[in-house]
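Undergrad: Pasted the sequence and its predicted model underneath.
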Protein chains: 2
Amino acid sequence: MLRTHTCGELRIENIGEEVTLTGWVQRLRDKGGMLWIDLRDRYGITQLTFEEGVTSAELLRQARDLGREYVIQAKGKVVERYSKNDKIPTGNIEVKVDHLEVLNPSKLPPFLIEDETDGGDDLRMRYRYLDLRRSPVRRNLELRHRMMRETRNYLDNQKFIEVETPYLIKSTPEGARDFVVPSRMNPGEFYALPQSPQTFKQLLMVSGFDRYFQIVKCFRDEDLRADRQPEFTQIDCEMSFITQEDILNTFEGLIKHLFDRVKGVQIETLPRMTYADAMKYYGSDKPDTRFDMRFVDLNDLVKDKGFKVFDEAELVVGINATGAASLTRKQVDELTDFVKRPQIGATGLVYARVNEDGSVKSSVDKFYSPEDLQAWAAAFGAKPGDLLLILAGAKEKTRKALNELRLEMGERLGLRDKNTYSALWVVDFPLLEWDEETNRYHAMHHPFTSPKPEDLMLIGERPGDIRANAYDMVINGVEVGGGSIRIYDRGLQEQMFSLLGFSKEEAEAQFGFLMSAFEYGAPPHGGIAFGFDRLCTLFGGSDSIRDYIAFPKNNSGRDVMIDAPAPISGEQLDELHIKMKDLPKG
Amino acid sequence: MLRTHTCGELRIENIGEEVTLTGWVQRLRDKGGMLWIDLRDRYGITQLTFEEGVTSAELLRQARDLGREYVIQAKGKVVERYSKNDKIPTGNIEVKVDHLEVLNPSKLPPFLIEDETDGGDDLRMRYRYLDLRRSPVRRNLELRHRMMRETRNYLDNQKFIEVETPYLIKSTPEGARDFVVPSRMNPGEFYALPQSPQTFKQLLMVSGFDRYFQIVKCFRDEDLRADRQPEFTQIDCEMSFITQEDILNTFEGLIKHLFDRVKGVQIETLPRMTYADAMKYYGSDKPDTRFDMRFVDLNDLVKDKGFKVFDEAELVVGINATGAASLTRKQVDELTDFVKRPQIGATGLVYARVNEDGSVKSSVDKFYSPEDLQAWAAAFGAKPGDLLLILAGAKEKTRKALNELRLEMGERLGLRDKNTYSALWVVDFPLLEWDEETNRYHAMHHPFTSPKPEDLMLIGERPGDIRANAYDMVINGVEVGGGSIRIYDRGLQEQMFSLLGFSKEEAEAQFGFLMSAFEYGAPPHGGIAFGFDRLCTLFGGSDSIRDYIAFPKNNSGRDVMIDAPAPISGEQLDELHIKMKDLPKG
């Protein structure tokens, strides 16, 4: 090695030793005949010193010529530090340098390589290799590494076997849009990159692997949002001879293990909430349960008092923003504007304050008597100082809007602390959802999800009411994982495809291999997949998954550092038997 | 769980327990009123028993209706086995069944699910999920899992951090052919799937990650051979502030760790051999050193005795096939035919036997005196009973042919035992190789490999003689890994690209981001990548990497199980801004 120690290693015990360090020049201070250099590597920072009159003039000149981010090798003696630095583990020592070599100089970086940088998003992405030098970014990837390691440790202990499934597979019409890969050897044909290894992990269960997992890249060619990337990582798992209960317990174990080992946090047993309850009480299938503020249905209390908005509404529903009565008129107006935004879409906001004397003052006092309002307060279990916020309208839309308002209030009231974790299982998802656009049912989870046997009789008349053996793990309002018990019977799988609008021929062409596999002794099985990027982001206390991906893509799916995608040569196109369509000019 | 125990778990200590097992019916024997079923799962086999007169008639009927590969759940009591089976860990017990449920029936499998199967390659690949049920195949993937786990354990202990690099990157003209992915969001542009994460791992070193690894899928669109797959797995590693010596030591440690933990085998310190010596003494840059049989150069001994073939040859070289003098004339003729095959290309084979009395009898006695032949024997260190095999011709071609003959003789003499391991480092590879076809130099390893500083002065006049800081790990004649110390200076990297025939503009367009990174404080670094499929194959004692891949592709790059690649829809093509070229008819 070009070093004897790393920059995070030297302590009081090393005083007197001759050492060689390598690293990057983080900072130089030159004052009163002393020169200090902070030398940085992945492991820490060590202070190097040079002193006029003691250090040779030549060496001092050499040191003064160094710039930020130069890569150097420094030899010298470890000495006790005069003014100690308690903030870093090497803060009790420094190295009196007697030999210096520049291993590689550096141009002035386009932004500061510090915890707080002056670089904008675009610049940092273009020079991602410099951005990755900053401690917060490096620590994110170190966290990710620990998360991977502990995931593997836990699953390995539980006898899961990691099996690599192929990346060059077949495009399927179900689900999101595929990335495809033209085949040179099979003209006119394409591979697809997997959106998940779903069918392969099920085949591994048919093979008897019993417990499979894989930390695996998946691909979706979708329009990108802040928390979406065209390639993302999943912890993908499947088990045989189990019930839903076994899966929930096993993966509750995983998440507890991760919180314990990676964060040193003990989390409670995960409560279970049905999808129906989640929608009813939180207006969301991924409720943020760090705070209560459950929805209260007011239909029975508010109708027929002459307030048309409520009278005509399918649903009148509200939340109790505990202790928020002190909000100013202006702040309440802001909330009204908030819920009226097009993406939220409420038509207005009714509020009622519970005053210190217990009286209730609302924005609809002319329709409701003090007794009516007292009944409202009672329905919310409201106390003096509370603020009731009420929306009305079509059921689904109103719940969604109230969910947004609830989250906004949680934020404003400081109830969404990133260091508090509240995890739960949402269970009993509907099997199907109706798609207005295509006028047909879609699988809510995916077409391989098993319906609840007790709901199967609904398949003819009310398929939309069939519940699935499907479950999501939700932490702090984020869906971190989801899965289901699978169909393992050919007949039922055929029925499912037919419900989803596949012809017999289409089903056979796309998934014949899987249905065929079910005829050769497929065991009962089920599984789950965790969004690993999102899980790391949650553990790291961030909102952006890009912070936890070494080389992310931007919203147009571009890697601006390497400048990909890019045109390819005519010969490449020829070999792949494709040509470009005429592109729109301009 | 649908079971209380697995099929590999029950022992004498469990006698008397009521248990529930699940698994596949491996075999039924029905004899003299007794019915035995071997129930199989991933963990083992347990014998179930039913007895006429004891078992209820209904249950017995049910059991007799079972077929091979049915998935069942069986409840019953663990009892001691009358005739014990020493071959399996559960061989001392059996389960007297009192309740049976068929979880899923099975059609008759298209081939036997046994260690020795009657299924041909094609059939087994089409029903790969059934082939994976066979113990030898399952054990291969279990071995692969252990190899992965132990690789991670070792590297994690050595402070390597696993970082995921992107799969959607940019196509480069260097190296093998890329698989490409048309971009929907960036019309006319393509991503490429990585042939290796080479540039990204180097950027991680520039970022200061210091020690990186990743077990990662890589892709090459090449015509396939038995040991090649379009997608394959690499253990990819990179280190900073190191010399070649540090890399060799670190990864020698990895391979020793793997042999120890996975095979229980201790291997010796790996010898180092220069590329020049490997070619000289073995005619190969991946010599099989399980046996000696080094090449002996006979140029000085055999010339000018009137034997035209030797006189005119650039090189006369041979091996001593120790103890092979007893080969019959017919066997020696076979060897002659072997070396004359077009793919080997020798024009003939000269042999000389050392008789029991020490005299030497050769196929060219009319040109060489007994004294001449004694001198030959001495050059080979040959003893009575040895057989000298000699080839002559152009240097490179003859060495290659003799390498083939040496391996063939090793095989015939039983010197290539799959359970003996001989590992070494081949070092000092040439930096460049001349390509006759394109009439230019190619990088022997890749364009980022650093030349040996002491050879740099050859760059102008004899670039072909420059040696690189490049190394391969070779085990039993298989190159399991290779790497190099990298260039980390922009100027040298530019020079390298220019040597390889890149214009300044091409180099900048393709690798500008990397050369730019070198200007911002790139540390000295180097790395290695192991072919993980091949390494597993070697550890498993097999010749075919397909045996160690869960879902491999065939020689046309097809997955015959899922039938991929496949045509995609016109809408998909439209969205991707491409169309098919007219395909050749027929």
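TA: Nice, I can see it.
Undergrad: Check which helices and strands the longest helix along chain A sits against.
TA: For chain A, the helix with the greatest residue count under DSSP state H is helix A:135-157. Secondary-structure packing of helix A:135-157 (3 or more C-beta pairs under 8 Å, 6 or more residues apart in numbering or on different chains; DSSP states H and E): strand A:161-162, strand A:211-219, helix A:244-258, helix A:532-540, helix B:135-157, strand B:161-162. C-beta coordinates here come from the backbone N, C-alpha and C atoms, glycine included.
Undergrad: In terms of secondary structure, what does the fourth one contact?
TA: Using 3+ C-beta pairs under 8 Å, 6+ apart as the contact criterion, the neighbours of helix A:532-540 among helices and strands are helix A:135-157, strand A:231-240, strand A:478-485.
Undergrad: list the buried ones in it?
TA: By 16 or more other C-beta atoms under 10 Å in any protein chain shown, the buried positions in helix A:532-540 come out as A:532-540.
Undergrad: mind putting these in CSV, pLDDT and distance to residue A:458 included?
TA: Formatted as CSV, the buried residues of helix A:532-540 follow (pLDDT from 0 to 100; distance: C-beta to C-beta, whole Å):
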residue, pLDDT, distance to residue A:458
A:532, 98, 36
A:533, 97, 37
A:534, 96, 33
A:535, 97, 35
A:536, 98, 40
A:537, 96, 38
A:538, 96, 36
A:539, 97, 40
A:540, 96, 43
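Undergrad: one step back: got the CA positions of the longest helix of chain A in PDB?
TA: Provided in PDB are the C-alpha atoms of helix A:135-157 (Å, rounded to 0.1, in the frame of the first residue of the first chain):
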ATOM      1  CA  SER A 135     -19.300  13.000   3.300                       C
ATOM      2  CA  PRO A 136     -23.100  13.100   3.300                       C
ATOM      3  CA  VAL A 137     -23.300  11.500  -0.100                       C
ATOM      4  CA  ARG A 138     -20.600   8.900   0.700                       C
ATOM      5  CA  ARG A 139     -22.400   8.100   4.000                       C
ATOM      6  CA  ASN A 140     -25.600   7.500   2.000                       C
ATOM      7  CA  LEU A 141     -23.900   4.800   0.000                       C
ATOM      8  CA  GLU A 142     -22.200   3.300   3.000                       C
ATOM      9  CA  LEU A 143     -25.700   3.100   4.600                       C
ATOM     10  CA  ARG A 144     -26.900   1.300   1.400                       C
ATOM     11  CA  HIS A 145     -24.100  -1.100   1.700                       C
ATOM     12  CA  ARG A 146     -24.900  -1.900   5.300                       C
ATOM     13  CA  MET A 147     -28.600  -2.300   4.400                       C
ATOM     14  CA  MET A 148     -27.600  -4.800   1.700                       C
ATOM     15  CA  ARG A 149     -25.300  -6.700   4.000                       C
ATOM     16  CA  GLU A 150     -27.800  -7.000   6.800                       C
ATOM     17  CA  THR A 151     -30.600  -8.000   4.500                       C
ATOM     18  CA  ARG A 152     -28.500 -10.800   3.200                       C
ATOM     19  CA  ASN A 153     -27.400 -11.800   6.700                       C
ATOM     20  CA  TYR A 154     -31.000 -12.000   7.900                       C
ATOM     21  CA  LEU A 155     -32.300 -13.900   4.900                       C
ATOM     22  CA  ASP A 156     -29.300 -16.200   4.800                       C
ATOM     23  CA  ASN A 157     -30.000 -17.100   8.400                       C
END
